[in-house]
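Participant: turn this into a structure:
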Amino acid sequence: MKLKDKCQEKETQIEALDDTAKEMKQDIESKVDQYVDSVVNSEMKKEFMRYATLENPKTTLGKIVSKAFKTFKEWWDKTKKPEIAEKAKTSILQKLRESQAIVDQRKEQQSPNLNRNNIRPER
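Facilitator: The predicted structure follows:
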């Protein structure tokens, strides 16, 4: 292989590495931007909730947000909260029943003779 061919091959490899580095840099910048957006949105929500829960807001913005939140909360408490609470309760009770069934099954597997003969273990 001639020196000129080797140089061309190395230049091609360098260009490929440069392209890879650029792609990696763009990917990192994109991920940083996404993270920054997430942090900013989180802070915005915290600030909104701070305004929303003020007892006696003094600014116009505080009054608007506080009133809107109170109106929303009244609606939520009347319509959505009971529905969500019932679903959560049903889900939790179902998981407890499933867990109890697993415990009962394991007890049965560990001491089949005790359960079949109605013999109770000594305490």
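
Participant: the strand or helix carrying residue 75 - contacts with which helices or strands?
Facilitator: In this assignment (DSSP states H and E), residue 75 forms part of helix 60-75. Other elements packing on helix 60-75 under the criterion 3 or more Cβ pairs under 8 Å, 6 or more residues apart in numbering; DSSP states H and E are helix 3-52. C-beta coordinates here come from the backbone N, C-alpha and C atoms, glycine included.

Participant: coming back round to it: flag every buried residue along the helix holding residue 75.
Facilitator: Using 16 or more other Cβ atoms under 10 Å as the test for burial, helix 60-75 gives 65, 66, 69.

Participant: which SS class is the nearest residue to the second one once chain neighbours are set aside?
Facilitator: When you say that, I think you mean residue 66. Computed as Cβ to Cβ, 6 or more residues apart in numbering, the closest residue to residue 66 that is not its neighbour in sequence is residue 57, at 4.7 Å. Recorded secondary structure, residue 57: coil (DSSP: H, G, I helix; E, B strand; the rest coil).

Participant: any stretches of the protein with poor pLDDT?
Facilitator: 112-123 (pLDDT under 70).

Participant: now with 90, please.
Facilitator: 1-6, 107-123 (pLDDT under 90).

Participant: list phi and psi for the residue in it sticking out farthest from the centre.
Facilitator: Centroid-distance maximum for the chain: residue 2 at 58.5 Å, with Cα atoms, centre = their mean. Dihedral angles of residue 2 (phi, psi; degrees, to the nearest 10) stand at phi -80, psi 160.

Participant: please consider this matter closed, and thank you.
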